[in-house]
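Colleague: Show me how the following folds:
(2 chains)
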There are 2 protein chains.
Amino acid sequence: MSLGSSSNRVDAQAKVTGKARYTDDFTMLGMRFAKYVRSPIAHGKVKRIDISKAQTYPGVDAVFTYDDVPEFIFPTAGHAHSLDPNKLDVADRYLLTDHVRHQGDAVAIVVACNQLTAERAVELVEVDYEELPVMTTADQALAEGAYPLHPGGNVLKQQAIATGDLEQAFAESDFVLEGAYHTPIHQHCHMETVVSYAYMEKDDHIIIVSSTQIPHIVRRVVGISLGIPWSHVRVIKPYLGGGFGCKQDVLEEPMCAFLTMKLGGIPVKIELTREECFTASRTRHSFDIKGKIGVSRDGVIKAYALDVKSNTGGYASHGHSIAAAAANKIPYIYPRLVFGYKALTFYSNLPNAGAMRGYGAPQATFALESLVEEAAQKLGMDPVDFRLKNVAQLGDFNPVNKKEIKSCGITECLTRGREMFEWDKRRAACVEHKGPIRRGVGVACFSYGSNTYPACVEVSGARLVMNQDGTVNLQVSATEIGQGSDTVFAQMAADVLCIPDTWVRTISTQDTDISPFDPGAFASRQSYTVGPAILEAATLLKEKIVAHAALMSGQPARNLSIRDGKVVYGSRPDYVLYEMREVSMDAYYNQDQGQPFFAESSHKTRTNPPSFGCTFVEVEVDMPLCKVTIKDILNLHDSGRILNPQLAEGQVHGGMGMAIGGALFEEMLIDAKTGIVLNDNLLDYKFPTILDLPDLHCSFVETHEPQSAFGNKSLGEPPIISPGPALRNAIWMAAGVRIDELPITPKRLYEHLARAGLI
Amino acid sequence: MSLGSSSNRVDAQAKVTGKARYTDDFTMLGMRFAKYVRSPIAHGKVKRIDISKAQTYPGVDAVFTYDDVPEFIFPTAGHAHSLDPNKLDVADRYLLTDHVRHQGDAVAIVVACNQLTAERAVELVEVDYEELPVMTTADQALAEGAYPLHPGGNVLKQQAIATGDLEQAFAESDFVLEGAYHTPIHQHCHMETVVSYAYMEKDDHIIIVSSTQIPHIVRRVVGISLGIPWSHVRVIKPYLGGGFGCKQDVLEEPMCAFLTMKLGGIPVKIELTREECFTASRTRHSFDIKGKIGVSRDGVIKAYALDVKSNTGGYASHGHSIAAAAANKIPYIYPRLVFGYKALTFYSNLPNAGAMRGYGAPQATFALESLVEEAAQKLGMDPVDFRLKNVAQLGDFNPVNKKEIKSCGITECLTRGREMFEWDKRRAACVEHKGPIRRGVGVACFSYGSNTYPACVEVSGARLVMNQDGTVNLQVSATEIGQGSDTVFAQMAADVLCIPDTWVRTISTQDTDISPFDPGAFASRQSYTVGPAILEAATLLKEKIVAHAALMSGQPARNLSIRDGKVVYGSRPDYVLYEMREVSMDAYYNQDQGQPFFAESSHKTRTNPPSFGCTFVEVEVDMPLCKVTIKDILNLHDSGRILNPQLAEGQVHGGMGMAIGGALFEEMLIDAKTGIVLNDNLLDYKFPTILDLPDLHCSFVETHEPQSAFGNKSLGEPPIISPGPALRNAIWMAAGVRIDELPITPKRLYEHLARAGLI
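Modeller: So this is what the prediction gives:
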């Protein structure tokens, strides 16, 4: 059948031929363009603003400042709404502000007939700022008497979890090891920058076309930000060129909506430049983590605890959720112990951090798998053996949420990886490298969730309509953002309907006025949470098809079935009663009976099984040059059943590449004193290109998750988690230095090697 | 409740503020424009065509001729598909032709960067024609040895019906009267001309945006015309500025699709000029009718027979259906008699006729109600009395299809009209007018169907989704083309759901990839055929809402109900359990139970009740000036239950205005010898403006049609039927001349008055 095979991406042809149209590929008659007046400083208050010159600049339609925007404070995080007021996202933002909290914060906006005019007019706006103390670190922001960035102060939220008596567990450990870890600020660097436009069709109907992962959430937040009913907002998502979590925030949509509303419904587009994306969209949270692990002499982890400080920058965006999510996702990997987790998210004058692939897990796992490595080394155990002794087994329970693990392939990931990678042979060989060029191997594990339940409600929806020719249109609000979900959804529907997957067309454009409700793409949720909705809708559709064939043939429906796109006798599937087209045509056009086939389902997922996996890596370190070369890297994944091996491999390669970038290359450099971003562009912010990456290898340990509609679990984010600590561990082995802050650039490696007296 | 009240049009604000966007209001990056090379003669064959100069003209992308178009012959009529091959529309057209059959027939097409360039390049195409004999009349086209316009000859189809022994019925009549009638060619004159554009999203996905009444039919026909699966075509219909049946044909959509396919998916737009609409879109069929009526001395009509020749022009389009439909629609009005109907539709070298409001009924009813008037006069009976004696009564059967009449208000229409119009007083007064200014009164009746069943399959669909705020989105594929259907659909849904109708947003844009299947706007079908689908979908939605409220409250669902948009106790409807918003929010966001509310229904209508009505009119005829002035005109309608009195009145006013235009003003003038249209524009084709029309009056006799979901019957087309014969009858009374050909312009009146020696 279709599922499990490497069907081609449904959007491959459209994308490579340029027929796929992205948000910026659309225009409208009379469209206007808006540009922000942004703060050049990281913290201050506007003393004086003069927009008069900009207002009268030819081609300018309007200029708005913080004085003109709605009084509604709003959140921007792409979370499903909650009925529990305590679970609502932090609303701490207006459309424009006179209290600028980071470089690039917006005080005014110009609308003009084209981009260039808008840019020129922006330069004509005069703003004087009262400079305020710039806080970039936890120490500064959390200091006694620190300037409060928001009314509640600079602590956004904190939490403390312990799944047992931590003190006692550490006390009973034979060894207790500690470490301190730092992860950097990353930028998502999606190829398509942030872009949206809005127009009105009626006075009570604002239409927003946007490059977003979360159309239905955008709809809600725009409603909140403008103080209008949510149903007055319609959000349409065309093809999308990458999001990686940045577009899991509500970004320019509220402003576009506000502007078109102010300008009588004419279309207004906002497209951020790459530079604006760096300073004024979202980033990955930098974590400072103190970690502690207790192990017994025989190689059992008794407890570990992480103490996280998460820097969210000037606004909350996803707020504390990033740090909190890690506490839900990482405990699956080593579940038979006492788990301690403290976390605090604070405001600072850095650019606003939000969701990014992995959502806290890469940061926390970097600390955890570094600590685990410390313990293995301390015990003199092979790191794979040590992990094998402690990783999750079928029937274990997550110590935090007490959920049972019902599919678990991590042991096989480690054992198969050890064999495929020739771990033992390579590891033994590494020990011999003592010259200027040294080698080391590293391993690291991870666990991850498959959606956001029970933190958030997990709704999905699917609607199927059979066309006259027997092909099927599939509508979902889960969004294709490059990950291949449209393809896998088509395969799911085809699989249930017993038709070729090329017969299913996934409607890739979401439209909140009509697409079945679903919050969108995040938390590696889509194939897991949408699966049940597609399964139900396709099952209903199949029943209708068979029922109509029964009506046509005079056979009881029970006698009939579908095979290879044909209606057949259930007992003699080689005997074809009807081509699918014949049944569908009759359903459409028989004057006196039947009806066209359609089916819809909505489902709330209330399970959230973990995926597992690990990375094996070998590095070569050129000691004099402080240069790290990856000689081989292998990711192994238990993501349940693999629905499309080719796409799954693509997901893993993409994640591994991004992880390598995060571990060895990428870091937003921000002047600690001024809060100014020093590398706000793709020349200075170095991420690896295809030439910087080694061949990427992966393997899937296929389990069958029983709580899943199709046996699958999450795969979108997992590949980004374990390469970082695996690389850190390999470099430690090769170069003899523990580097507990990422990225491990040549400069950082030099500092450590020099400090250790190794060069 | 909402139904039956004069809710404002849901699109009123969008349309009057200019926010409503029509097909031509959309543009796309890189859009191209196409213009046809059209034949200047009405009949000929291309001897030589040279496109080389046009091809190399700067800005021209491509030129295609009849040699380049697909080999697929296709029909264009906007009928639902039929499984019966004998019922399929006549396929007699390619995208371009070398055998031009009417002035404006297209031999080539130019695609260029803008309209002007395309127009200039069209002039550079050199075409030599071999001229062929031009046939504009039945005599010419049906003559022995006439040049066959299509392989099957010039008779498109003919039929003969008699519901009893006609000969005998006429023999038993005391009087038998005969007449010959002619109705002219009209143009629809929709404000928005014919316009479409197409582009591709993938190689197997052509998207067409079009001003069409029939998106799903366009999809099918484009598939046929290009030889591609229907599901490869997606048709989107934005706001539409009038169709009146012209846009119930598949017009420029296949060509747009062909061009974008040839040009690698770039968007190509075709917009016809007003002149092109006259010669190369569709017109109303001209009918030549011979009629005969037999009556008894005591005022009973024993039989009548019509013999119709319908001139379809160069192509079939709706073909014989127009003439045939009349035979189904008119027999309801006088059902207790023998009905005879012969009809023949023939090809000629006139512009192609197609569907137009009334679809044959205005033509046939003009003959019938003229004959009835002859009989009344012959018997010396008051024309109202005579009609009252013969019109349909509840329980009568249509003599042709044997269907029982289950709601019937025609008697009350006549009696109420007689009273409202002060018919007897006015009629008596008219007799006194003998000077140069004379007055006359006239009356005429009609009957009409409410859809196309059983001629075609009658599918409708509706999908409802409740938004978080308790408002509801309604999707249909029935198309709003100005008639107000979106408003009435919203009222229907609101009525069933017991919510304010302002809470329902009808999604006005149809999209064949996603909108529930329904063939579109024609045959005055929409509120009748879509009613059951909305009723079912809304009932399902209501059940879901109540079920979820039951879940929330712990009450059995049976205890609960909805009133005024709130969930209440069934037994104590003043006790509000929940606001609708609360229930919907819980359905969306309760983590552990429920699901967002949606419901969809598809329905095949298998009943087709007749509407009835009549016109009373008083005219003043200025004998020397040959000028007719309408002093008063009143339409009465039995359209079952009136769903929105304000919109119903608007429909009736529009139809009456169009009918007055058709009776007194409008006629496409075509040179009989050359087939050239002499008045192909709105300066020379005179239709009445608001200043040319009298105050229009109407009244509704509300019956309740038991076969209807909401008691309603057709209303869209009926108002156009009876004013024509009523005017003819009034002018006869006033001026003393029977004018049996329309329009009764001053010129025509002069001819008749002069011939009769009256001036």
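
Colleague: Tally up the residues packed near the spatially closest residue to residue A:504 that is not a sequence neighbour, please.
Modeller: Among residues not flanking residue A:504 along the chain, residue A:490 sits closest, at 3.9 Å (CB to CB, 6 or more residues apart in numbering or on different chains). Just so you know, the C-beta spots here come from the backbone N, C-alpha and C atoms, and that holds for glycine as well. By the other CB atoms under 10 Å in any protein chain shown criterion, the neighbourhood of residue A:490 contains 24 residues.

Colleague: hang on, residue A:490 in a helix?
Modeller: Yes - assigned with DSSP: H, G, I helix; E, B strand; the rest coil, residue A:490 falls within a helix.

Colleague: isn't it right up against residue A:506?
Modeller: Yes - the criterion here is CB atoms under 8 Å, and residue A:490 meets it with residue A:506 at 5.0 Å.

Colleague: Could you name every residue contacting both of these two?
Modeller: A:10, A:474 (CB atoms under 8 Å, 6 or more residues apart in numbering or on different chains).

Colleague: Tell me which residues touch the residue nearest to residue A:504, please.
Modeller: Contacts for residue A:490 were tallied using CB under 8 Å, 6+ apart; they are A:7, A:10, A:474, A:501, A:504-506.

Colleague: Can you pull up the most central residue in chain A?
Modeller: When chain A is reduced to its mean C-alpha position, the nearest residue by CA atoms, centre = their mean turns out to be residue A:357, at 3.5 Å.

Colleague: Please name the bridge partners of residue A:473.
Modeller: Each beta-bridge partner of residue A:473 is listed here, defined by DSSP bridges: residue A:465, residue A:505.

Colleague: gap between it and residue B:266?
Modeller: Distance, residue A:473 to residue B:266, by CB to CB, to the nearest Å: 25 Å.

Colleague: Likewise for residue A:157?
Modeller: When distances are taken as CB to CB, residue A:157 and residue B:266 turn out to be 52 Å apart.

Colleague: tell me the contacts of whichever residue of the stretch 601-750 of chain A sits closest to chain B?
Modeller: In the stretch 601-750 of chain A, the residue that lies nearest chain B is residue A:602 (3.9 Å; CB to the nearest CB). For residue A:602, the residues meeting the contact criterion (CB under 8 Å, 6+ apart) are A:459-461, A:516-517, A:533, B:595-596, B:598.

Colleague: ditto for residue A:741
Modeller: If you count contacts by CB under 8 Å, 6+ apart, then residue A:741 has A:181-184, A:748 around it.

Colleague: gap between it and residue A:751?
Modeller: Note on residue A:741: its distance to residue A:751, by CB to CB, is 10 Å.

Colleague: try residue A:338
Modeller: In this structure, residue A:338 and residue A:751 are 35 Å apart, going by CB to CB.

Colleague: same check, this time on residue A:390
Modeller: Counting by CB to CB, the gap from residue A:390 to residue A:751 is 32 Å.

Colleague: Kindly report the same for residue A:190.
Modeller: Note on residue A:190: its distance to residue A:751, by CB to CB, is 32 Å.

Colleague: Show me which of the contacts of residue A:602 is closest to residue A:87.
Modeller: residue A:459 (15.3 Å; CB to CB).

Colleague: ok, the closest one touching residue A:516?
Modeller: No - under the criterion of CB under 8 Å, residue A:459 is not in contact with residue A:516, lying 9.2 Å apart.

Colleague: Quick check: residue A:726 touching residue A:442?
Modeller: Yes - with contacts counted by CB under 8 Å, residue A:726 reaches residue A:442, the gap being 4.3 Å.

Colleague: okay, and the common contacts of these two?
Modeller: Between them, residue A:726 and residue A:442 share the contacting residues A:615-617, judged by CB under 8 Å, 6+ apart.

Colleague: what residue ranges in chain A are flagged as low confidence?
Modeller: Regions of chain A meeting the criterion pLDDT under 70 cover residues A:1.

Colleague: So in it, which helix runs the longest?
Modeller: Counting residues, the longest helix in chain A under DSSP state H turns out to be helix A:526-553.

Colleague: Is that one in proximity to chain B?
Modeller: No - for helix A:526-553, no contact with chain B is found by CB under 8 Å from any CB of the partner chain; the gap never falls below 9.4 Å.

Colleague: List the strands paired with the helix or strand that comes right after that helix, with their directions.
Modeller: The first helix or strand that comes after helix A:526-553 along the chain, using DSSP states H and E, is strand A:560-563. Sheet neighbours of strand A:560-563, with direction, are listed as strand A:566-569 (antiparallel) (DSSP bridges).

Colleague: Go through stretch A:171-187 and flag the buried ones.
Modeller: Buried positions in stretch A:171-187, judged by neighbour count with 16 or more other CB atoms under 10 Å in any protein chain shown: A:173, A:176-177, A:179, A:181, A:183-187.

Colleague: just to revisit the earlier point, reformat the contacts of residue A:490 as CSV; add neighbour count.
Modeller: Conversion of those to CSV gives the following (neighbours: other CB atoms under 10 Å in any protein chain shown):
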residue, neighbour count
A:7, 23
A:10, 24
A:474, 24
A:501, 24
A:504, 27
A:505, 24
A:506, 24
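
Colleague: Out of the residues you listed, which comes closest to chain B?
Modeller: Among those, residue A:505 lies closest to chain B (CB to the nearest CB), at 7.0 Å.

Colleague: show me what contacts that closest one?
Modeller: So, once contact is read as CB under 8 Å, 6+ apart, residue A:505 ends up touching A:10, A:471-474, A:490, B:205, B:231, B:513.
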